[in-house]
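Engineer: Here is my input; please provide its structure:
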Amino acid sequence: MIRIAKFLLKHKTKIIIVFLMIVGSFLRLYRLEDLMVYLGDEGRDMLIVMDIIQGKNLPLIGPPTSVGELYLGPIYYYFITPFAWIFKMNPIGPAVFVAMLGILTIPLLYKVSQKFFNSSAVGIMAAAFFTLSPLIIKFSRSSWNPNPMPFFSLLLLLSLLNLLKTKRPKHLFLAIFSFSVILQLHYMVVVIAPFLIYFLWKISKDIKDKKALLLGTFIFIMMLSPLLIFDLKHDFVNTNGFLAIFKERSNSGFNLFDLLSRSRDRLRQLFSLFFGFAERSRRTNLIIIITMLISLYDLIIKKNKLKLLFFGYFFWSLLTLGFYRKSVYPHYLGFLFPIPAIIVANSINIVSKKKLILKLAGIMIFFSLSLNMLKLVKDDLMRPPVLNVKLVKKIVRLIEKESGGKLFNFALLAKNNYDSSYRFFFKLWDIPAVYQTEISDQLIIVCEDKDICKPEGNPKWEIALFDAAYDGKIKKVGYWEPDQLIEVFKFVPDE
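Structural biologist: Numbering: from 1, shown residues only. As a prediction, this is how the structure comes out:
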């Protein structure tokens, strides 16, 4: 018993991190296929991955962005392809990849926090917050290109820290690799580029092997080469898209008060999302005010290069996000997701070193935040399934049966979805759905939202095309309700 006790005490930090990884694994994998998001974007990704596996196409670009005529890099497709193959083209495969990366982010966050603030307590608390955060768990339970950003942003911070301490080229290469990855996952991370350039310029004076800088530049170009090749082949569509966005911003004028207000809003949005509070609640404002004051105290009073790097990365990101005038969706902030965990953990650790009453207050705050997040996660994991992979498979098999194995036109009526989620399974299972403007003698319509489910005379082009081909003389010959959320219709010519 004494030996066991000594072993546990000696390795208590490792044991805690392993425990957090076990908890994190459960929270990220429990009922994954039931609750994971599977919509048009996921179906589109699976169609592209299928072409990669079958050797039909190696994409040079990733998915389109929601702003401007821009395309992300293809690296996310490259990441998820092996998992799609391992899971035999089940869309759960890429989701498992994201979940596994989310689990690995827990020890990585511990390492980054411990190194920046020279405290295992900070690392453990930050890792615990990250394990339980409703926001993080949500983004770790589905396949989507921004979802791996926390892992690679932490890898970037760790490599910058090690580069600052050791000046060794391998850390430079890892930093460039990490930034190249997150830049392809979402372009919002471009806001930290000036900070990174400045950091590398300052540190380059201390790197003895100057060839490493050239090699690092080569690695960056090679990582982004698919996008560069695509731009060269398609009249610089991405470059022109970036220039159009910057031109729009420059024509909008500059107001320092508005800039700081938007930066404050991003700070409030980030913390509220991470801890599961309402964005403008007193709790959100209180935790931000207290932690920011403690962080500024820590930076000014106990200033060192590592803390300056960490807070420089964070404050620069907030400031530059203020230049973005449009809506900032949660996934835009993926490269900052780990920051609230680290800052709050460091603040609790600083306060706990003062008086006993402050130590008790710190413990209470830690457990209060953790239990609140755990309750929100529990509620989410226990909710009934909605439109998931299983249901889409069920609908597609119904369509296969009712179409009689013959060619059919297909249309989806939905508020916030498109038909790639279904068309992936049509293609995977060789179900003869029309993909272009060809007209068959039957039309299958799926409605995902009953309040807009009015297929007769609907202006959606797939329906209108079929209707026009038969001069409006079509009739409904089939109706099914495979789920309380879904209605399926079959129309044929009225001869």
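
Engineer: for the protein, what are the low-confidence residue spans?
Structural biologist: For the chain, the stretches with pLDDT under 70 are 1, 3-8, 66-69, 243-254.

Engineer: Which residue would you name as the spatial centre of it?
Structural biologist: Residue closest to the mean C-alpha point of the chain, counted by CA atoms, centre = their mean, is residue 147 at 2.1 Å.

Engineer: Spit out the contact partners of it.
Structural biologist: 98, 101-102, 139-140, 331, 334 (CB atoms under 8 Å, 6 or more residues apart in numbering). (Each C-beta comes from the backbone N, C-alpha and C, glycine too.)

Engineer: same thing but at 10 Å, please
Structural biologist: Contacts here follow CB atoms under 10 Å, 6 or more residues apart in numbering; on that basis residue 147 touches 76, 94-95, 97-99, 101-102, 136, 138-141, 185-186, 331, 334, 337.

Engineer: Quick check: which helices or strands does the longest strand anywhere in the chain pack against?
Structural biologist: Counting residues, the longest strand in the chain under DSSP state E turns out to be strand 474-483. Packing partners of strand 474-483 (3 or more CB pairs under 10 Å, 6 or more residues apart in numbering; DSSP states H and E): helix 389-402, strand 443-447, helix 461-469, strand 486-493.

Engineer: helix/strand/coil for the residue nearest to the centre of the chain?
Structural biologist: Secondary structure, DSSP: H, G, I helix; E, B strand; the rest coil: residue 147 is coil.

Engineer: where does it sit relative to residue 102, distance-wise?
Structural biologist: With distances taken as CB to CB, to the nearest Å, residue 147 is found 8 Å from residue 102.

Engineer: rewinding a little: just the buried residues of the contacts of residue 147.
Structural biologist: Buried members of the contacts of residue 147, counted by 16 or more other CB atoms under 10 Å: 76, 94-95, 97-99, 101-102, 136, 138-141, 185-186, 331, 334, 337.

Engineer: just checking, which of the residues you listed belong to helices?
Structural biologist: The helices, defined by DSSP state H, take in 76, 94-95, 97-99, 101-102, 136, 138-139, 185 from those.

Engineer: Show me which of those residues is closest to residue 389.
Structural biologist: residue 95 (8.8 Å; CB to CB).

Engineer: Name the nearest residue to residue 273, sequence neighbours excluded.
Structural biologist: residue 135 (4.7 Å; CB to CB, 6 or more residues apart in numbering).

Engineer: For stretch 270-289, buried residues please.
Structural biologist: 270-277, 283-284, 287-288.

Engineer: what's the answer for stretch 183-193, then?
Structural biologist: For stretch 183-193, using 16+ other CB under 10 Å, the buried residues are 183-189, 191-192.

Engineer: and it, how far apart are its ends?
Structural biologist: Using CA to CA, to the nearest Å, the end-to-end distance of stretch 183-193 comes out at 10 Å.

Engineer: Isn't residue 190 up against residue 197?
Structural biologist: No: with contact defined as CB atoms under 10 Å, residue 190 does not reach residue 197; the gap is 11.4 Å.

Engineer: quick one: which of the helices and strands packed on strand 474-483 is nearest residue 314?
Structural biologist: Comparing those by CB to CB, helix 389-402 comes nearest, at 37.0 Å.

Engineer: after that closest one comes which helix or strand?
Structural biologist: Using DSSP states H and E, the helix or strand that follows helix 389-402 in sequence is strand 409-413.

Engineer: Return the residues in contact with residue 119.
Structural biologist: Residue 119 makes contact with 113, 125-126, 345-346, 349-350, 353, according to CB under 10 Å, 6+ apart.

Engineer: Let's have the helices and strands packed on strand 474-483 in CSV, adding mean neighbour count and distance to residue 265.
Structural biologist: Formatted as CSV, those follow (neighbours: other CB atoms under 10 Å; distance: least, CB to CB, whole Å):
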stretch, mean neighbour count, distance to residue 265
helix 389-402, 18, 36
strand 443-447, 24, 37
helix 461-469, 17, 39
strand 486-493, 19, 38
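
Engineer: got those as TSV, with distance to residue 367 columns?
Structural biologist: As requested, those are exported to TSV (distance: least, CB to CB, whole Å):
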stretch	distance to residue 367
helix 389-402	36
strand 443-447	46
helix 461-469	54
strand 486-493	42
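
Engineer: Would you mind telling me which of these is nearest residue 258?
Structural biologist: For the helices and strands packed on strand 474-483, the distance to residue 258 is smallest for helix 461-469, at 41.0 Å, taking CB to CB.

Engineer: Show me how far that closest one is from its chain's centre.
Structural biologist: How far helix 461-469 lies from its chain's middle: 37 Å, per CA atoms, centre = their mean, to the nearest Å.

Engineer: With stretch 79-87 instead?
Structural biologist: With CA atoms, centre = their mean, you get 18 Å for stretch 79-87.

Engineer: shared neighbours, residue 147 and residue 102?
Structural biologist: Joint contacts of residue 147 and residue 102 (CB under 10 Å, 6+ apart) are 136, 139-141.

Engineer: show me the contacts for residue 120.
Structural biologist: So residue 120 contacts 12-13, 16-17, 110, 113-114, 349 (CB under 10 Å, 6+ apart).

Engineer: Just those residues: which are in helices?
Structural biologist: Per DSSP H, the contacts of residue 120 map to helices at 12-13, 16-17, 110, 113-114, 349.

Engineer: What's the end-to-end length of stretch 60-76?
Structural biologist: Start and end residues of stretch 60-76 are separated by 11 Å (CA to CA).

Engineer: Can you give me the buried ones in that stretch?
Structural biologist: 60-63, 65, 68, 70-76.

Engineer: between the residues you listed, which is closest to residue 172?
Structural biologist: For the buried residues of stretch 60-76, the nearest to residue 172 is residue 75 (19.7 Å; CB to CB).
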